[in-house]
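[1] make a model of this:
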Amino acid sequence: MISRGGSRIGLPRRPGACLSVLPLRGDRGFPAVRGAKSTRLGGKIPFARRAWARFVGFALAAVFGAAALSAQTPRAGASDRGAAFPEGAARIRIMAYNLHNFLLMDRNKDGKEDDPKPESEKEAISTIIAEESPDLLGIVEVGGRKFLEEIQEGLRVKGCKYAESEWIEGADHARHVALLSRYPIVARRPRVGESYVVDGVTFPVSRGILEADVRVSPSLTIKVFVVHLKSKRATAGPISAGRMRVEEAKILRRCVNEALAAHPDLPLVLMGDFNDTPDSPTLQIILGDTQYPLTNTRPKNAKGYPGTYYYRPRRTFETIDYLLASRSLAARLLPGSARIRDDRLAWKASDHFPITADFRLDPSR
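    Predicted coordinates:
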């Protein structure tokens, strides 16, 4: 936005955010030149200097005006897209986000599981998602279906519409995983009955494994997995939480292998909260061998740090949320697009930070 008199130039802050306003001072709406006196105050400025000041003013107006217009132009995958194939779409954005107990629980310690997530945190989550505007959104720690619908409604009022969704219920009836998509979900394979045996005892994959096929263009379908592996909290059973994650990782890797063995060039994304670090056995199992490897997109925050989760009791950061891609999808990854959003709003929304990555629809571009 450019205006004279008040002389304001609109500058983009980040995709989807409001434009900041920068005041300018000087004669007739042009930027002030150091050492020049205003002609309105009776000062005399040489003609060459006045001409130079006006030239600089016009140049800045043109540059920042173009930037403001660019920031307001929706990118491929903007929030008003329905479940269709928009003309000219060049890329898709994928986001993984642990919403930190978007459900009813005992928050006030009265022994009743009836306290919803605070409204301020809900608002922060919907604002972040609307600003980032992902085309595919994998979310974990969601309550029942009504909570997913609440999330969708909160996004809809912000102009961020998702026509397609998937929600599954595993053995854990409190926390679920879900997928929101602007593109058609053409196949759904909820893996909610998976289990493993340790020392003669059968254990379920507590949150199940969400598997879906999403058609992002007439010629491209992406297989999506969304997971939330066993937490690090100590268990009362005969095996540790770490062992449980390893066993869940083996089942997850088997599902990935089945998909890639049938179609080695299949574009596949696996995302969610794995509750384990990059050097853990859990991650090594999931990343796989040389035959069907998955690529870690390795998102980082603005300062270059990879932490996706802040553990408040110990005041430590950990990398436990991931966005992994098969070989063919990794080839479409836009360099530098994998990132972690950890601004003030993200700190307010959840103890996990959202991670995103952009992929080309046309790998040749």
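
[2] any regions of the stretch 1-150 of the chain where pLDDT drops low?
    Confidence mapping of the stretch 1-150 of the chain against pLDDT under 70 gives the ranges 1-89.

[3] 50 instead?
    Segments of the stretch 1-150 of the chain classed as low confidence (criterion: pLDDT under 50) are 1-45, 56, 61-82.

[4] the stretch 251-365 of the chain too?
    Looking at the stretch 251-365 of the chain by pLDDT under 50, you get an empty list.

[5] can you map out the helices along it?
    Assignment of helices within the stretch 251-365 of the chain using DSSP state H, counting those that start in this stretch yields the ranges 281-287, 327-330, 344-349.

[6] do the same with the stretch 51-200 of the chain
    119-132, 145-156.

[7] list the buried residues in the longest one.
    Meaning helix 119-132. Across helix 119-132, burial judged by 16 or more other Cβ atoms under 10 Å covers 121-122, 124-132. For glycine as for every other residue, the C-beta is placed from the backbone atoms N, C-alpha and C.

[8] list the contacts of it.
    Outside helix 119-132, the residues that touch it by Cβ atoms under 8 Å, 6 or more residues apart in numbering are 14-17, 79, 93, 95, 97, 99-100, 102, 137, 150-151, 154-155, 158-160, 341, 345-346, 348-350, 354, 356.

[9] can you check the last one too?
    With Cβ under 8 Å, 6+ apart as the test, helix 145-156 has contacts from 99, 102-103, 122-123, 125-126, 129-130, 139, 142, 161-162, 165, 167, 176, 178, 180.

[10] for it, output the C-alpha coordinates as PDB.
    The C-alpha coordinates for helix 145-156 follow below in PDB (Å, rounded to 0.1, in the frame of the first residue of the first chain):
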ATOM      1  CA  ARG A 145     -14.700 -36.200  15.500                       C
ATOM      2  CA  LYS A 146     -16.400 -33.200  16.900                       C
ATOM      3  CA  PHE A 147     -13.000 -31.700  17.800                       C
ATOM      4  CA  LEU A 148     -11.900 -32.200  14.200                       C
ATOM      5  CA  GLU A 149     -15.000 -30.500  13.000                       C
ATOM      6  CA  GLU A 150     -14.300 -27.600  15.400                       C
ATOM      7  CA  ILE A 151     -10.900 -27.200  14.000                       C
ATOM      8  CA  GLN A 152     -12.300 -27.200  10.400                       C
ATOM      9  CA  GLU A 153     -14.900 -24.600  11.400                       C
ATOM     10  CA  GLY A 154     -12.300 -22.400  13.100                       C
ATOM     11  CA  LEU A 155     -10.200 -22.500   9.900                       C
ATOM     12  CA  ARG A 156     -13.300 -21.900   7.700                       C
END
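
[11] nearest to residue 279, out of the helices of the stretch 51-200 of the chain?
    helix 119-132 (28.3 Å; Cβ to Cβ).

[12] from the middle of its chain, how far away would that closest one be?
    Centroid separation for helix 119-132 versus its chain: 12 Å, with Cα atoms, centre = their mean, to the nearest Å.

[13] got the angle for that helix vs helix 145-156?
    Angle of helix 119-132 versus helix 145-156, following axes from the mean of the first three to the mean of the last three Cα atoms, to 10 degrees, is 60 degrees.

[14] those strands in the stretch 251-365 of the chain, which residues are they?
    Taking DSSP state E, counting those that start in this stretch as the test, the strands found in the stretch 251-365 of the chain are 268-273, 294-296, 309-311, 316-318, 321-326, 339-340, 355-360.

[15] other SSEs contacting the last one?
    So the one you mean is strand 355-360. In terms of contacts (3 or more Cβ pairs under 8 Å, 6 or more residues apart in numbering; DSSP states H and E), strand 355-360 is packed against strand 91-102, strand 321-326, strand 339-340.

[16] go again with 7 Å.
    strand 91-102, strand 321-326 (3 or more Cβ pairs under 7 Å, 6 or more residues apart in numbering; DSSP states H and E).

[17] could you check how far the residue most central in space within the chain is from residue 182?
    When Cα atoms, centre = their mean is applied to the chain, the residue found nearest the centroid is residue 95 (2.9 Å). Plainly put, residue 95 is 12 Å away from residue 182 if you go by Cβ to Cβ, to the nearest Å.

[18] stretch 284-298: which residues count as buried?
    Buried residues in stretch 284-298, counted by 16+ other Cβ under 10 Å: 285-288, 292, 294, 296-297.

[19] first-to-last residue distance for that stretch?
    15 Å (Cα to Cα, to the nearest Å).
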